[in-house]
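# model this:
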Amino acid sequence: MAQRFRERGATSPDRAMTVQELGLPPRFEEAMKRRLGRTGIFVDIGGRYYLDEARLRDFEQRDHGSGSGYGGQRSNFFVLRLVRMTLGVVIISLVLINFLTGRNIWLWYLIAALVVVWICVSVMQIVAFSRRWRY
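Residues are numbered from 1 along each chain as shown. Coordinates of the predicted model:
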């Protein structure tokens, strides 16, 4: 979509264009009222739009950054999801093993500790998810 703005020259406030002039679908204006508009990449000036190249570069750096910004949060979110699913499988397996082999109190303590870790990872995933959608 940014390419369309560049092709039409809508890259500064004085060269802003309407959706029709840019050849964009009507849903673009609806998207600008939501998350797309909050990014600041496309700027609305009274129904005319332009591409903010500096903001786009910042956004792309966050998106493709290594270990920080949006890209790092995306990979962190994936790792947290993987850890959480693995912990869940381990917890369920240990509960089943404990019921089938006789109830061992120490295994219950281990299960309880893993449940606490699972809850912490879940909270971390929620935080990572909320940060991810700020951009």
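# give me the helices and strands touching the strand or helix carrying Val43, please.
Using DSSP states H and E, Val43 sits in strand 42-45. Secondary-structure packing of strand 42-45 (3 or more Cβ pairs under 8 Å, 6 or more residues apart in numbering; DSSP states H and E): strand 48-51. For glycine as for every other residue, the C-beta is placed from the backbone atoms N, C-alpha and C.
# okay, buried residues for the helix or strand following the strand it packs on please.
Once strand 48-51 ends, the next helix or strand along the chain (criterion: DSSP H and E) is helix 53-64. Within helix 53-64, the residues that count as buried by 16 or more other Cβ atoms under 10 Å are 56, 58-59, 62.
# was I right to think Arg84 contacts Val121?
Yes - contact criterion Cβ atoms under 8 Å: Arg84 and Val121 qualify, at 4.8 Å.
# tell me what angle the top helix by length along the chain forms with helix 53-64.
Ranked by residue count under DSSP state H, the longest helix found in the chain is helix 69-101. Per axes from the mean of the first three to the mean of the last three Cα atoms, to 10 degrees, the angle that helix 69-101 makes with helix 53-64 is 20 degrees.
# follow-up on the earlier one: flag the least confident of the buried residues of helix 53-64.
Confidence by pLDDT is poorest for Arg62 among those, given 70.
# and the protein, what are its domain boundaries?
For the chain, automatic domain parsing gives the domain ranges 2-59, 65-132.
# what is the longest helix of the chain packed up against?
So helix 69-101, by 3+ Cβ pairs under 8 Å, 6+ apart, packs with helix 53-64, helix 105-132.
# got any ranges where the protein has weak pLDDT?
Applying pLDDT under 70 to the chain flags residues 63-75, 131-135.
# any idea how far Gln20 is from Ile92?
Ile92 sits at a distance of 56 Å from Gln20 (criterion: Cβ to Cβ, to the nearest Å).
# ok, the two, which is more surrounded?
Between Ile92 and Gln20, Ile92 has the larger neighbour count (other Cβ atoms under 10 Å), namely 11 against 8.
# ok, the residue nearest to Val95 when sequence neighbours are not counted - contacts?
Excluding its sequence neighbours, the residue lying closest to Val95 (Cβ to Cβ, 6 or more residues apart in numbering) is Ile111, at 6.0 Å. If you count contacts by Cβ atoms under 8 Å, 6 or more residues apart in numbering, Ile111 has them with 91, 94-95, 98.
# alright, that wraps it up for me.
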